[in-house]
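**Q** Test case, fold it:
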Amino acid sequence: MRDPADLPFRRAPMAAASRSIVVPLAGDVHLAFDAERLRTHSVWAGESLNLYGPPYHGKSDRFICDFNGTKLWGNPPFYPWSVGGPPEKDATELPADAGFRAISTRGGTVTLSYDVAVGEGKSARAQETPFHWRLEAHDVVVRRFTVAPCKRALWLLAHAELGSVPDPPTPPAAALIERSGDVLLAVLREPRGCRWHMLEKEVSYLEEVITEKGTEEGNPKVPVTGRQARLYVTVPAHAREVTFDVISVACRDREEANSFATLLLDPTSEAAQSLAVPEPKIEGDATAATAFTADASTPTRLDGDEFYTVEHFPLPKEAGLLITGMDWLSNGDLAVCTWRGDVFIVQGAQG
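**A** Here you go, the predicted structure:
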């Protein structure tokens, strides 16, 4: 089973992170955020997340969700923030003062809120809002970062991929990673003192793959080795809130990447002017409710509890009512919520 297209986000266990938050950016582009390490671990084009577990495929043999499609880019299993410079050692665990805090859907966009450790037992609140845009049939992912005032310089690992950084990098405010088969372009917009810092390093680490039996037998670990290109955003110390965009798009080659970078960095270009956060929706502006009609042919349970009087009434087949909570409304209707995350109003449930 898959979520409807209008679902703002989904919490789900995935192979890359057991505490994933999946945000549908467009009908066929999705972003998965790791709430344990505060990093975007996967961005893919294709169908939405495949949901598993008793409420979704009727079995208890698996819960780890996966996806069909093409992975556009991702990040290694490291905490991506550091203070004053790139970390000497990649952090696989969160610092004591860092942690995920909240998800907001105000204005119709999903914003992820978390605390970044800034040293000396202190933290700074960061907010990350992802959204999607299309440029000449390419999927462009924008992550808007807002960082609270901080007295120390921060470094954000925006991208890390096996590959190389072209020398010299062009044009300014853009960074490229030449991967096997394509080029990943990252553009820094509205930097306000923020800059790219690009480096290459030989890496050798193990990437854990979450499995169903991992809690008992231990999860398998896939080795990652080779030359890795890393793109850091350096955020200088700031007395006021700082906001910047990281715009990422997979390109065919370096020529196309440089062309797109020029368009995105030119404030007079149509591409740059049209690239904006989606317009907020009016608060309370919800889509119309879907009405279902009861179906008398719905199978009736044959068993009941001898200590209770059980009254059966027909249910619509489309509803799939796996009920987790119920309450009566003042007009006698029955409100029910389901394991899948729906809320239904049953009209005429009494009498």
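
**Q** how much space between the residue nearest to Ala294 when sequence neighbours are not counted and Ala296?
**A** Closest residue to Ala294 apart from its sequence neighbours, by Cβ to Cβ, 6 or more residues apart in numbering: Pro314 at 4.2 Å. C-beta: built from backbone N, CA, C; applies to glycine. Distance of Pro314 to Ala296, computed by Cβ to Cβ, to the nearest Å: 5 Å.

**Q** do Asn75 as well
**A** In terms of Cβ to Cβ, Asn75 sits 53 Å off from Ala296.

**Q** Neighbour count: the two, which is higher?
**A** Asn75 (20 against 8; other Cβ atoms under 10 Å).

**Q** Provide a list of residues in contact with the more buried one.
**A** 39-41, 157, 159-160 (Cβ atoms under 8 Å, 6 or more residues apart in numbering).

**Q** how does it look with 10 Å?
**A** 16, 34, 37, 39-43, 157-161, 230 (Cβ atoms under 10 Å, 6 or more residues apart in numbering).

**Q** Give me the mean pLDDT for stretch 117-133.
**A** Averaging pLDDT along stretch 117-133 gives 94.

**Q** buried residues in it?
**A** 117-118, 123-133 (16 or more other Cβ atoms under 10 Å).

**Q** Using PDB, write out the CA atom coordinates for it.
**A** Coordinates of each C-alpha in stretch 117-133 appear next as PDB, following Å, rounded to 0.1, in the frame of the first residue of the first chain:
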ATOM      1  CA  ALA A 117      25.100  21.500  19.000                       C
ATOM      2  CA  VAL A 118      27.300  24.600  19.100                       C
ATOM      3  CA  GLY A 119      29.600  23.700  21.900                       C
ATOM      4  CA  GLU A 120      29.900  24.500  25.600                       C
ATOM      5  CA  GLY A 121      26.600  22.700  26.300                       C
ATOM      6  CA  LYS A 122      24.600  25.000  24.000                       C
ATOM      7  CA  SER A 123      22.500  24.500  20.900                       C
ATOM      8  CA  ALA A 124      21.000  26.500  18.100                       C
ATOM      9  CA  ARG A 125      17.600  25.800  16.600                       C
ATOM     10  CA  ALA A 126      17.600  25.000  12.900                       C
ATOM     11  CA  GLN A 127      14.700  24.600  10.600                       C
ATOM     12  CA  GLU A 128      14.800  22.800   7.200                       C
ATOM     13  CA  THR A 129      12.000  23.100   4.600                       C
ATOM     14  CA  PRO A 130      12.400  20.900   1.500                       C
ATOM     15  CA  PHE A 131      10.400  21.600  -1.700                       C
ATOM     16  CA  HIS A 132      10.500  20.700  -5.400                       C
ATOM     17  CA  TRP A 133      10.900  22.500  -8.600                       C
END
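
**Q** you'd agree the residue nearest to Ala294 is up against Leu321?
**A** No. With contacts counted by Cβ atoms under 10 Å, Pro314 stays clear of Leu321, the gap being 11.7 Å.

**Q** Okay, and the beta partners of Trp328?
**A** Beta-bridge partners of Trp328, counted by DSSP bridges, are Leu334.

**Q** okay, it: pLDDT?
**A** As predicted, Trp328 sits at a pLDDT of 95.

**Q** on that earlier part again, next one: the residue nearest to Ala294 from Arg106, what distance?
**A** Pro314 sits at a distance of 39 Å from Arg106 (criterion: Cβ to Cβ).

**Q** next one: Arg230
**A** Going from Arg230 to Arg106 by Cβ to Cβ gives 33 Å.

**Q** next one: Trp133
**A** Trp133 is 21 Å from Arg106, where distance means Cβ to Cβ.

**Q** same deal with Phe67?
**A** Phe67 is 27 Å from Arg106, where distance means Cβ to Cβ.

**Q** Tell me which of these two has more neighbours.
**A** Using other Cβ under 10 Å as the criterion, Phe67 and Arg106 rank with Phe67 on top: 20 against 10.

**Q** Just confirm the more buried one contacts Ser42, I think it does.
**A** Yes. Here Phe67 reaches Ser42: they are 7.8 Å apart, a contact under Cβ under 10 Å.

**Q** Show me whatever sits in contact with both of those two.
**A** With Cβ under 10 Å, 6+ apart as the test, Phe67 and Ser42 both reach 14-15, 22, 30, 32.

**Q** Now the two most distant members of those.
**A** Ala15 and His30 (14.7 Å; Cβ to Cβ).

**Q** Comparing the two, which residue is more hemmed in?
**A** With neighbours defined as other Cβ under 10 Å, Ala15 and His30 compare such that His30 has more, 26 against 21.

**Q** what helix or strand is that one on?
**A** Assigned by DSSP states H and E, His30 falls within strand 29-34.

**Q** Who does the helix or strand following that strand pair with, and is each partner parallel or antiparallel?
**A** Next along the chain after strand 29-34, taking DSSP H and E as the criterion, comes strand 39-46. Here strand 39-46 has these sheet partners by DSSP bridges: strand 29-34 (antiparallel), strand 69-74 (antiparallel).

**Q** And the strands in the stretch 251-351 of the chain, which stretches?
**A** 323-328, 334-338, 343-346 (DSSP state E, counting those that start in this stretch).

**Q** Could I get the ones you listed in CSV, plus columns for distance to Ser204 and mean neighbour count?
**A** Shown next, in CSV, are the strands of the stretch 251-351 of the chain (distance: least, Cβ to Cβ, whole Å; neighbours: other Cβ atoms under 10 Å):
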stretch, distance to Ser204, mean neighbour count
strand 323-328, 46, 11
strand 334-338, 46, 16
strand 343-346, 49, 16
